[in-house]
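Q: Pasted the sequence and its predicted model underneath.
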There are 2 protein chains.
Amino acid sequence: MFHHLTRVMPAEVIPVQDAVGRVTAVPTPAPHNLPTFRRSTMDGYAVRAADTYGASESLPAFLQVIGEVPMGKPASITLGIGQAALVHTGGMIPETADAVVQIEHTQTISQSQLIIHNSQLFPYEIEVFRAVAIGQNVLQIGEDVHQGSEILPAGHWLRPQDLGGLLALGITEIAVTRRPRVGILATGDEVVPPQQSAGPGQIRDINSYTVGGQVQQAGGIPIYGGIIPDNFAALLAAAEHMLAAADMLVMSAGSSVSVRDMTVEVMNGLGQPGVLLHGVATRPGKPTIVGVVDGKPVIGLPGNPVSAMIQFDMFGTPAIYRLQGIQMAPRRGLVWAQLTQNIASESGREDYIPARLTDGEVGMLATPVFGKSNLIYTLVNADGLIKVPLNKGGLLAGEWVEVRLF
Amino acid sequence: MFHHLTRVMPAEVIPVQDAVGRVTAVPTPAPHNLPTFRRSTMDGYAVRAADTYGASESLPAFLQVIGEVPMGKPASITLGIGQAALVHTGGMIPETADAVVQIEHTQTISQSQLIIHNSQLFPYEIEVFRAVAIGQNVLQIGEDVHQGSEILPAGHWLRPQDLGGLLALGITEIAVTRRPRVGILATGDEVVPPQQSAGPGQIRDINSYTVGGQVQQAGGIPIYGGIIPDNFAALLAAAEHMLAAADMLVMSAGSSVSVRDMTVEVMNGLGQPGVLLHGVATRPGKPTIVGVVDGKPVIGLPGNPVSAMIQFDMFGTPAIYRLQGIQMAPRRGLVWAQLTQNIASESGREDYIPARLTDGEVGMLATPVFGKSNLIYTLVNADGLIKVPLNKGGLLAGEWVEVRLF
């Protein structure tokens, strides 16, 4: 079936903030580096790392704080030897600095200086109790994403973190594939609309609406065509009419063999190539009829509601994904997966490690995606989060872990 | 926090066909039995089971077929001893019949009779090669659901199969809780709107929109309040304004300590009880501030985007669920679970068995929900489907199985 499904919905441009659950129509390159400037990951002091070398509790380094980098402003301070600048988390690092000392590892020389911080009465002196390496506590330019790299491929199902990744780069509109319109017809002489009371021998149409719900969950728009009489001409006319107005057609057949056979005839009467697959060996599920007409998927479902939903999940949902150009079906929920490498963690704390999921020999494999937690792309590149339980000092490769899809 | 969250959104009545992802406001009892009449699960003959006892290939039973039950019509035929009625899958069983013989286990006496079937030239005679027990191949009245039984509790997150369960009973409108409006404010002197270019020291607001996407996924409606200056009066005014118009408030703080402290003050300034929880031991995630004001959840998120999303997933999403009155958070995707009992299956076929998932000692437990595949409530009562792989003759209790959430 999918061999014949080469048609992908045309694109439309929508605001990124409305794009959760939509599918990218084209690949997106990064228009610039992220971050665009060197940022502190801590509240502390921007320093020249060399000035802290050898510093310890017993032998602190002394530095002169000559100013503060205000949030949201360029770091215009120039540091000389032995000088530092007060900097906040997310603040810019002065060009002459190459590391940040955490505020917790410093002490101002006198108590009164603590007040001076807020009054910006510079300069004042601090003691530094730990050495920092070059680049420590600093996000480098392009560390989140490099200019020109592909941040999202075409056919990507957009999640909240993807919106963040786009907006961080100033991309506020995105080309997504249109949501496919899926026509749904019910047949069966015993079937009456749900709002009607069902007499002896009659049942209400529910397959139109369970399948309609599945269509919505897959990203499509259901178009309900109602119940069509069990005769070839009526069903063919209704199917032709619906197929012209929709991007995909689903016929929920009555339960009897004759009606099912009619669905095959109707599908072949609609156009080329028509029926591609008739009957699948699963339980539950009487034979489902799968076809393509003029590039549009056409599916004939069995009448019983459980089979109809399961078969739609197997053929209809992937077809709607395909129409949207989805390259990889979205995963949801909690999964257990086997860890591919060790993860260190501190006891007394619950850790969440972004991870990428792949299919393993038995079940799934979880590969941690390491990266600073400020980087939105650690989540853009992950399928979920590995939970390292409280009071567990890390996890070992080969261990089964719980991954919360995200 | 949840202790203080007693407020549930008021109800609104909507069409069932639009209710996927919404949450039931009240429990729903079944207005009548389902099915309302005895239905055949096979194409075949409605019979008196006793007439088939002892039948075999070598010693078939002979029955006289006296009529056909038309689909969607009452079964008005009265069977005498040794008589049968042609019946289709889903068709009504005559009152005097108590079982159905599959058409494959019968043969008409002469070849010409095969044509007679469609011409409805009754009576004709058949041979029956297998005995059937009373009730075999028959759906009993109320076998899917009994009149008066609770089909859905209040606080149930509606899935496509739930829609089917409701519509099958003629319930076309349902009371659901209103979708909570979630106000989102960003703060931080370094933060600029996504459509604006970010100068040195500045970053674009992305947390509003990643969290907004999470709000939508949880069933809420995000209301974007933009970026508020880092000062107490401005933030308090914006928060008061937003909280009056919304059912929940999220403040995405700047990254610095001072701004975080301000969020606490603002939250306490909004009303009672104010801040309930300040700081959570997880990674990533600087302290999140969680509070309730006049029954509305208020959450102060850390500035960094990864922490903000993870923390919102931990506190914000459950709060939105709670506002909707959800009793059990929805599960999605594929999970591995340990089977609680044996499942028989035929080799050469892929089986899907509806199953209920519960938490076990290690991971999840999957308990098969058995029932005929015509019964929508086998799916309503299941969390997912166990896949029995092709060419595997069943599964054993204790085995780990893949469950497709559904």
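A: Great, that's in hand.
Q: can you map out the helices along the stretch 1-150 of chain A?
A: Here the stretch 1-150 of chain A has its helices, by DSSP state H, counting those that start in this stretch, at A:112-119.
Q: Spell out which residues of it are next to chain B.
A: Listed as neighbours of chain B in the stretch 1-150 of chain A under the rule CB under 8 Å from any CB of the partner chain: A:16-17, A:20, A:35-37, A:39, A:43, A:69-75, A:88-92. In this view, the C-beta of every residue, glycine as well, is placed from N, C-alpha and C.
Q: any idea how far stretch A:217-225 is from the chain center?
A: Here stretch A:217-225 shows a centroid-to-chain-centroid distance of 22 Å under the convention CA atoms, centre = their mean, to the nearest Å.
Q: Same question for stretch A:125-145.
A: How far stretch A:125-145 lies from its chain's middle: 31 Å, per CA atoms, centre = their mean.
Q: What residues sit buried inside that stretch?
A: A:126-132, A:136-139, A:142-145 (16 or more other CB atoms under 10 Å in any protein chain shown).
Q: Give me the subset of the residues you listed lying in strands.
A: A:126-128, A:138-139 (DSSP state E).
Q: For A:T6, state which of these is nearest.
A: Each of those was scored against A:T6 by CB to CB, and A:L139 proved nearest at 43.3 Å.
Q: Show the contacting residues for the closest residue in space to the closest one that isn't next to it in sequence.
A: Spatial nearest neighbour of A:L139, excluding adjacent residues (CB to CB, 6 or more residues apart in numbering or on different chains): A:R39 at 4.4 Å. If a contact means CB atoms under 8 Å, 6 or more residues apart in numbering or on different chains, then A:R39 has A:90-93, A:138-139, A:374, B:203 as its contacts.
Q: So which of these sit within strands?
A: By the criterion of DSSP E, membership of the contacts of A:R39 in strands covers A:138-139, B:203.
Q: which of the residues you listed lies closest to A:V8?
A: The shortest separation between A:V8 and any of those is 34.8 Å, and it belongs to B:I203 (by CB to CB).
Q: Show me the beta-bridge partners of the closest one.
A: B:I203 has the following beta-bridge partners by DSSP bridges: B:V191.
Q: Make sure it is actually in contact with A:P35.
A: Yes - B:I203 is within contact range of A:P35, at 7.1 Å (criterion: CB atoms under 8 Å).
Q: filter the residues of the stretch 1-150 of chain A next to chain B to the buried ones?
A: Neighbour counting over those (16+ other CB under 10 Å) leaves A:16-17, A:20, A:35-37, A:39, A:43, A:69-73, A:75, A:88-92 as the buried ones.
Q: Filter those residues down to the ones in strands?
A: Secondary structure of these is defined by DSSP E; positions in strands are A:R39.
Q: returning to what we had before: what's the most distant pair in the buried residues of stretch A:125-145?
A: Pairwise distances among the buried residues of stretch A:125-145 were taken by CB to CB; the largest, 37.8 Å, belongs to A:E127 and A:V145.
Q: give me the number of residues near the closest residue to A:E150 other than its chain neighbours?
A: Spatially, and ignoring its direct neighbours in sequence, A:E150 is nearest to A:P27 (5.2 Å; CB to CB, 6+ apart). The burial metric for A:P27, expressed as a neighbour count using other CB atoms under 10 Å in any protein chain shown, is 12.
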